[in-house]
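J.: Kindly return the folded structure for what I paste below:
(chains A and B)
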Amino acid sequence: MEYKTILFDGAMGTMLQRSGASIPAIPELLNLTEPKLLQDIHRQYEQAGSQVVYANTFGANRLKLEDRLEEVIKAGIENARLGAGTCKIALDIGPLGQLMEPMGTFTFEEAYEQFSQIVKAGKDADLIVIETMSDLLETKAAVLAAKENSNLPVYVTMSFEENGRTFTGCTLESMAMTLEGLGVDALGFNCSVGPDGMIDLVKRLSQCTNLPIIAKPNAGLPDPATSQYDMKPEEFAKYMKQLHEAGASMIGGCCGTDPRFIESIAFLKTQSVIRTQNAPSSKICTSLLALDLHKIHPIGERINPTGKKRFQQVLLEEDLDYIVSIAIEQKEAGAQILDVNVGFPGIDEVEMMKKVVKKLQSVVDLPLLLDSSNIQALEAGARVYNGKPALNSINGEQEKMDAIFPIVAKYGAAVVALTLDEKGIPKNKEARLEIVDKIVKEAKKYLIDPSNLWFDPLTMTLSAQPEQATETLETIQELKAKGYQTVLGVSNISFGLPDRQAVTKVFLAQALFAGLTLPILNVNIEAYMDVIVSAQLIGNQDPNAKNYISRFADRVTLKTNQNVSQTISLSNAIYKGLDQEAKEIARQKLENMAPLDIVEQELIPSLDKVGKAYEQGSLFLPQLLSSAQSAQAVFEVIKDHLARTNQKSVNKGTIVMATVQGDIHDIGKNIVKTVLENYGYEVIDLGKDTPAQLIFDTVKEKNVRLVGLSALMTTTLKSMEETIRLLHTLPDPPKIMVGGAVLTEQYAKEMAADYYSKDAQDGVRIAKEVFGNE
Amino acid sequence: MIEQVIRLIQGDPQDQKLKETIKEMLKDIENSCPFRIQYRIEPIKKSNRGFLCQRSQLLLEGNLADTMLRTCDQIVVLVCTLGYPFEQKLAYYAQKDVALSLIWDACGSIWIENQLDQFEKELSVSYLTDRFSCGYGDLPLSLQNQIVSSLPNIGIHVLPSHMMYPTKSVSAFLGISSQKQPARIKGCAYCTMNKHCPYKKKEKNCGI
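T.: Okay, the predicted model is just below:
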């Protein structure tokens, strides 16, 4: 396909520095104080050949400019218009300079609000350019703000390093997939590298998107001795020609470039760019991981409260750490996509979906399949999702498609499409395929490509409808032959039958052979993942049999370990940090021992032994922590058992723990938390960089009697002191223990903390003192 | 490096499994957490308020700067980081197994210091002072923001508390002198573990 070349401008900052004018801390203020200077710079770019110039609005946002935002942006656009009247004027939007969640505390919603204000203020521009972005979620907030608050074209460039990732780790493929899905009009790169370093990036991007590609590189890299960019316009032009040939049709310069550089590439304006078109293919991503789905990718089904009492309980308690632990367990077991269903009576599913998506994405890099019958929950999840999400599900019912396809289209998602409709589940392959045609046709109305439809031919229970399994398998074969993506929950096949795994694994193998690429299953069941890994090997999807070998080579060793578990005591398993063995012994003990007796008579004495050994110096810190981890694994077994048997959970006292505001180190706090949980205390972990008010509110709301605060650096002791002061304004303040590298007994006293906890064992002693034998 | 990590986490030097874990993690850091550095070499001038970096206009005040830069006429101002991928894995380990998060964090600390040592070795300038950073001695942490914003962006955020994110980020100075420089910084007196170090309590040192 042919792309017309469009010439952009070069750097603004470089030009301002060279002008000799005094540059304020917020250079956008020059729009008001030095309009002539700005107009002159824009004019120089116009004369050099630019067809698009960026208004001087890159860093203009409400956080910096407060109530001057509108006038600064308006003036910036006007200056560009006056200086470069023949050019299209871009409202230039840069990063907000805030550390976004999950790394920082600035939320997606706050970012969206900030960008919306910028977009509204810049309505006089001809287009919107979002540039120098590193964080994909922040970029998504900016794009949504642009699309929802204006009708202008939206161009986006992110800053990539030569390794194909941004500073935040976003992959090039993830950028392309996500932004294209959100409906941007052009995308590419600016800043970070010189034009030579951008050539391979453009080549790769050109294989990921059919949109026009923008390239605005720096004038090489700055010389450390002079801070100057050292590339000359001629050299810049030489590489820009290569960039243009590689596929970039919208070209200009970033840091270190000036009108001479633009003039040097103006000759490219008359040459269009020819690119090979990429056929659509089924994909999904997070910021960190992009998956091409033409091979087998197992989807973990465990994040779902249906039939799981413990899960239902944690949803009601908003124990998101538990949900993350299930995600981690599935990732370790081999899941490559995670289904996320958090619907349960008594839960605000819309809010919960948002919270869980954010929480999961802060820890796990796997793409998510957002699963809900609540349409608002699906949209809420898709909106805050960092990457290209998948939704579960639509079907051939008109009402469903009318409600969900707009969300799929808006967020560029993929969607599971069940082959059923108003008439129910068809009895045969032909009727299922008719529904497929109907769904594909309807999706086209929303410009949704069939590659974004994952068809589920539905697994029916063998015990009730024995003839249906063949229909399902044959439907998969047909769908595969037509080039459609297939997804299938397999475990329903064996419902009601004895030894369910026996039949499920065979059905799974047959479905994979028929062409299924996205099986939804319990990945923690070894037999199923054995089938998957073997099928990947047989299907030539496992180069050098790497996954197969790493899975099965250790099998013998694992079996040996299982034998060991029958000869070792729980105390020894915990002492040695043997999680699996400890869990197995706990399970066996639960058969003839009360759960609380296991905690009191086995677990706690074992932990005391470990703690003592650590204090005496015969056990080292990493070993203490491994023991704590094993004890935690035992606790999980006990908690599961209690939930399953409708018994009250173990809680010797609730403790709020947090690293204070301004401090972003939380390993110490996490260690204390783990050990306290081992002893049966419930810890509400408020994380790091925690505002005093949040700690105060949590303590007040839940009437918490013990608070643990942590700080690593001297600079955050003040924040700790303020938190303590605030907590002491409560009529019945909780006891407060403090700890962290810079803390001492003396400091603790001075800031009116009740206890100084020198380590985790000390924390346990304090908790015992506060809660006594409650 | 493995031994350095073991010392930092107060681990058992004989623990083979631990050594293996550290070895794997260091390899992982090397592959997935690229070390990024930006630096500038600039002339410095002594004034009655301190040492002024001539290009960035950073002013280094106080006794530490005076001790370190007394005989220097140039300075290296640097920032470096292991970036966000390091933090993402740290968050993963923190949820999976707190012991692993402790080891990963320590591997990051040792790795970045080793990379900086390597960087120093490769700088072809005359005599360098010890590396020093804000927060050492009386050199104020409030300089942090100015240092980071004076160099090209490598993805470091300075929080209002002057801490840097990603957490495995370092800002530092190295004086350049025509005279040989004594070691002034390395050792227990300047270490943040000073008060709590288990080695020091046993009248030993960690050797870092």
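J.: tell me, how many neighbours does the residue of the stretch 651-774 of chain A found nearest chain B end up with?
T.: Per C-beta to the nearest C-beta, residue A:662 is where the stretch 651-774 of chain A lies closest to chain B, at 3.1 Å. (C-beta placed from N, C-alpha, C; glycine too.) Number of residues near residue A:662 (other C-beta atoms under 10 Å in any protein chain shown) recorded here: 22.
J.: nearest residue to the residue nearest the centre of chain B other than its sequence neighbours?
T.: Centroid-nearest residue in chain B: residue B:170, 4.6 Å away (criterion: C-alpha atoms, centre = their mean). The shortest distance from residue B:170 to any non-neighbouring residue, by C-beta to C-beta, 6 or more residues apart in numbering or on different chains, is to residue B:80 (5.4 Å).
J.: again, but for residue A:637
T.: Closest residue to residue A:637 apart from its sequence neighbours, by C-beta to C-beta, 6+ apart: residue A:586 at 4.5 Å.
J.: Wait, that neighbour touches residue A:598, no?
T.: Yes. Taking contacts as C-beta atoms under 8 Å, residue A:586 lies within contact range of residue A:598: 6.5 Å.
J.: Could you tell me which residues touch both of these two?
T.: A:570, A:634, A:638 (C-beta atoms under 8 Å, 6 or more residues apart in numbering or on different chains).
J.: where in the stretch 601-750 of chain A is pLDDT low?
T.: Filtered on pLDDT under 70, the stretch 601-750 of chain A yields no residues whatsoever.
J.: need the residues of it near chain B, please.
T.: Residues of the stretch 601-750 of chain A lying near chain B by C-beta under 8 Å from any C-beta of the partner chain: A:620-623, A:625-626, A:628-629, A:661-667, A:670-671, A:674, A:689, A:713, A:715-716, A:719, A:741-742, A:744.
J.: what about the strands in chain B?
T.: Counting by DSSP state E, the segments of chain B that form strands are B:36-46, B:51-53, B:59-60, B:72-81, B:127-128, B:157-158, B:164-165, B:169-177.
J.: Could you tell me the least trusted of the ones you listed?
T.: Here the strands of chain B differ in mean pLDDT, and the lowest is strand B:127-128 at a mean of 86.
J.: just checking, what packs against that one?
T.: strand B:169-177 (3 or more C-beta pairs under 8 Å, 6 or more residues apart in numbering or on different chains; DSSP states H and E).
J.: Can you mark which positions in the strand it packs on are buried?
T.: For strand B:169-177, the neighbour count (16 or more other C-beta atoms under 10 Å in any protein chain shown) marks B:169-177 as buried.
J.: Does that strand pack against any helices or strands, and if so which?
T.: helix B:63-69, strand B:72-81, helix B:98-122, strand B:127-128, helix B:144-150.
J.: Below-threshold pLDDT in the chain: ranges please.
T.: Chain wasn't specified; assuming chain A. If you take pLDDT under 70 as the line, chain A has these spans: A:556-566, A:773-774.
J.: think we crossed wires, I meant chain B
T.: Judged by pLDDT under 70, chain B has its weakly predicted residues at B:183-208.
J.: go again using 50 as the cut-off
T.: Residues of chain B meeting the criterion pLDDT under 50: B:202, B:207-208.
J.: list the contacts for residue 26?
T.: You didn't say which chain, so I picked chain A. Counting by C-beta under 8 Å, 6+ apart, residue A:26 touches A:59-60, A:64-65.
J.: my bad, chain B
T.: The contact partners of residue B:26, by C-beta under 8 Å, 6+ apart, come to B:1-2, B:5, B:107, B:110-111.
J.: Tell me, how many residues neighbour residue B:79?
T.: Around residue B:79 there are 25 residues (other C-beta under 10 Å).
J.: Just list whatever residues bridge to it.
T.: Per DSSP bridges, the residues bridged to residue B:79 are residue B:38, residue B:171.
J.: So which bits of stretch A:641-660 are buried?
T.: For stretch A:641-660, by 16+ other C-beta under 10 Å, it's A:641-643, A:650, A:652-660.
J.: more crowded one of residue A:586 and residue A:598?
T.: With neighbours defined as other C-beta under 10 Å, residue A:586 and residue A:598 compare such that residue A:586 has more, 27 against 22.
J.: Hmm, residue A:74 is touching residue A:118, no?
T.: No. Residue A:74 is beyond contact range of residue A:118, at 11.6 Å (criterion: C-beta under 8 Å).
J.: Between those two, point out the one with more neighbours.
T.: Just comparing residue A:74 and residue A:118: by other C-beta under 10 Å the higher neighbour count belongs to residue A:118, 27 against 18.
J.: Most neighbours out of the shared contacts of residue A:586 and residue A:598, which is it?
T.: Within the shared contacts of residue A:586 and residue A:598, most neighbours by other C-beta under 10 Å means residue A:634, with 27 neighbours.
J.: Quick check: phi and psi on it?
T.: Residue A:634 adopts backbone torsions of phi -60, psi -40, taken as degrees, to the nearest 10.
J.: contacting residues for it?
T.: Contact analysis of residue A:634 by C-beta under 8 Å, 6+ apart lists A:570, A:574, A:582-583, A:586, A:598, A:603.
J.: repeat for residue A:427
T.: Neighbours of residue A:427 in contact, by C-beta under 8 Å, 6+ apart: A:468, A:471.
J.: and it, that one's in a helix?
T.: No. The assignment for residue A:427 (DSSP: H, G, I helix; E, B strand; the rest coil) gives coil, which keeps it out of a helix.
J.: any idea how far it lies from chain B?
T.: From residue A:427 across to chain B, the span is 46 Å (C-beta to the nearest C-beta, to the nearest Å).
J.: and residue 139, how many neighbours?
T.: No chain in the question, so chain A it is. 30.
J.: Actually, chain B is the one I wanted.
T.: There are 20 residues near residue B:139, going by other C-beta under 10 Å.
J.: I'd like to know how far it sits from residue B:51.
T.: 11 Å (C-beta to C-beta, to the nearest Å).
J.: try residue A:476
T.: For residue A:476, the distance to residue B:51 - C-beta to C-beta - is 72 Å.
J.: re earlier: which of the contacts of residue A:26 are buried?
T.: Buried, going by 16+ other C-beta under 10 Å: A:59-60, A:64-65, out of the contacts of residue A:26.
J.: so what's residue A:271 up against?
T.: A:5, A:244.
J.: which residues sit in contact with residue B:120?
T.: So residue B:120 contacts B:128, B:131, B:174 (C-beta under 8 Å, 6+ apart).
J.: can you pull out the helices in the stretch 1-150 of chain A?
T.: Here the stretch 1-150 of chain A has its helices, by DSSP state H, counting those that start in this stretch, at A:13-19, A:30-33, A:35-48, A:62-65, A:69-83, A:108-121, A:136-149.
J.: For the second one, name the packing helices and strands.
T.: Helices and strands touching helix A:30-33, by 3+ C-beta pairs under 8 Å, 6+ apart, are helix A:35-48, helix A:69-83.
J.: Done for today, thanks.
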